[in-house]
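What follows is a predicted protein model with its sequence.
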Amino acid sequence: MPSESKTIEFKREYTEDIRKTVIAFANTDGGQIFIGVEDGGVVIGVPDPNGDILRITNTIRDSIRPDVTLFTDCRIETMDRKQVIVVEVQRGTARPYYLSGKSIRPEGVFIRQSASTVPASEATILDMIRETSGDRYEIARSLNQQLTFDTAVAYFSKKNVAFKEAQKKTLGLIGDDGTYTNLALLLSDQCVHTIKLAVFEGSRKTVFKDRREFSGSLFLQLDDVYSFIDRYNRTRAEFSGLDRVDRRDYPIEAIRETLLNTIVHREYGFSTSTLISIFDDRIEFITIGGLMKGISLSDIMLGVSALRNPNLADVFYRLRLIEAYGTGIPKINECYVGYGRIPQIELSDNAFKITLPNVNFLASVGAKSGENGLSEREKQVLKLFEKADAVTRKDVEQAVRISQATAIILLRGMLNRGLIKKSGSGKNLKYISVFGNTNIQKN
């Protein structure tokens, strides 16, 4: 009889603790459990092997998730003229396996270390999930399997779309192994990802007016965040002859499309919150996750669709929140046609930022100041565009007669206010007016 090791375990008799050892073998390199053998390797046998095998198979079937029965085998062997039960466990393909009542947490997931069965660390659990589920966050198994869907059920019902077990499997909320995926976590009431929203006084992040953090199902966050932003989307009345024209600070469709974009295209593998900042002159949406490999900003502007979370996008499509893939950014830009100001998109390796300009801002500031709300230096910069389609920082320094540092600050402020936009980068960086003509600067 061999001694206990990483792949061999002795049990004097059957107890429910055998399930922990089965889990550990299935999560590690497989192994054999000998029931009816003392720790030192002395064979004592079992009095009722058939009854024990029934209890073992029932325990494995009922208390271990995902189903590991395909990777286990129980048989009776005779050793030293005594009957012993051998439970053979193979390394599973749906790791991590866990106790059904404990979920995918260290207290429910076990591995083998030398001749011992020990709880797995969170890092080890996440490694197993990535190894068996791939890199896509939404299809990996959720660490939390105790999920509820009150908000989702109400949302699907409102849209007259079925949301039973069959639909959960079809949509990808339940994986092939019968466990909840991270997509289910995102739509559940227990969603751990949040959206943080702040309202600032003026055009800088110096004075807070309000701040909130929105949690819960992504459906709840979508509705709550939109309602919150709408409170600050004021209506400005203008007169064209005898007719009164009401215009919101931000096109409603642009806010809707931008908010949907931040939710659907976010990289949920990171725990950082989505950030939304409301200023007097703009709203900034910062989403974790840069562009997908092989996709450029110009591709996105043309409507090319590369989905980081295709299952999540499919859910939103079925609920008619998304009309067609790849139309979000073009729609946002179309909302600003005729306003003389355009949204800005900025990218980094790990983040995506969309800035929606307040179409009423210049008029509202001008109403208070008696002019268009432009400083003298800003007017001088815009006047440059009467003779050139694009200008450089040095052009601004010479025309306005300011230092390099002051020019950088001036241009950055005009970018934030949506008065100009960047073209090119590095040594080829230039600035372009968003107005098409500069009559806007004249009193």
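Good, I have the coordinates. Numbering: from 1, shown residues only.

backbone phi and psi for residue 81, please?
The phi and psi values for residue 81, taken as degrees, to the nearest 10, are phi 70, psi 20.

What is the burial count for it?
7 (other CB atoms under 10 Å). In this view, the C-beta of every residue, glycine as well, is placed from N, C-alpha and C.

How about the one 4 residues further on?
Other residues lying near residue 85 total 24 when counted by other CB under 10 Å.

and what of residue 6?
17.

My read is that it contacts residue 25, right?
No - counting by CB atoms under 8 Å, residue 6 does not reach residue 25; the two are 9.2 Å apart.

Show me the common contact partners of those two, please.
Taking CB atoms under 8 Å, 6 or more residues apart in numbering as the contact rule, residue 6 and residue 25 both touch 31, 112.

Could you look up the SS state of the residue nearest the centre of the chain?
The centroid of the chain falls nearest to residue 268 when counting by CA atoms, centre = their mean (2.6 Å). What DSSP: H, G, I helix; E, B strand; the rest coil gives for residue 268 is coil.

Domain-wise, how is this structure divided?
Domain ranges of the chain: 8-132, 134-371, 374-441, per automatic domain parsing.

Can you lay out those domains as TSV showing mean pLDDT and distance to residue 2?
As requested, the domains of the chain are exported to TSV (pLDDT from 0 to 100; distance: least, CB to CB, whole Å):
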stretch	mean pLDDT	distance to residue 2
domain 8-132	93	6
domain 134-371	86	32
domain 374-441	82	66
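
residues near residue 152, how many?
For residue 152, using other CB under 10 Å, the count is 25.

I misspoke; the intended subject was residue 122.
Neighbour tally, residue 122, other CB under 10 Å: 12.

these two touch, right, it and residue 106?
Yes - if you go by CB under 8 Å, residue 122 and residue 106 touch, sitting 6.3 Å apart.

quick one: the strands in the stretch 151-300 of the chain?
Assigned by DSSP state E, counting those that start in this stretch, the strands in the stretch 151-300 of the chain fall at 195-200, 208-214, 235-240, 243-248, 274-278, 282-288.

Mean neighbour count and distance to residue 389 for the ones you listed - can I get that in JSON lines?
As requested, those are exported to JSON lines (neighbours: other CB atoms under 10 Å; distance: least, CB to CB, whole Å):
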{"stretch": "strand 195-200", "mean neighbour count": "20", "distance to residue 389": "33"}
{"stretch": "strand 208-214", "mean neighbour count": "13", "distance to residue 389": "38"}
{"stretch": "strand 235-240", "mean neighbour count": "10", "distance to residue 389": "30"}
{"stretch": "strand 243-248", "mean neighbour count": "11", "distance to residue 389": "29"}
{"stretch": "strand 274-278", "mean neighbour count": "20", "distance to residue 389": "31"}
{"stretch": "strand 282-288", "mean neighbour count": "21", "distance to residue 389": "24"}
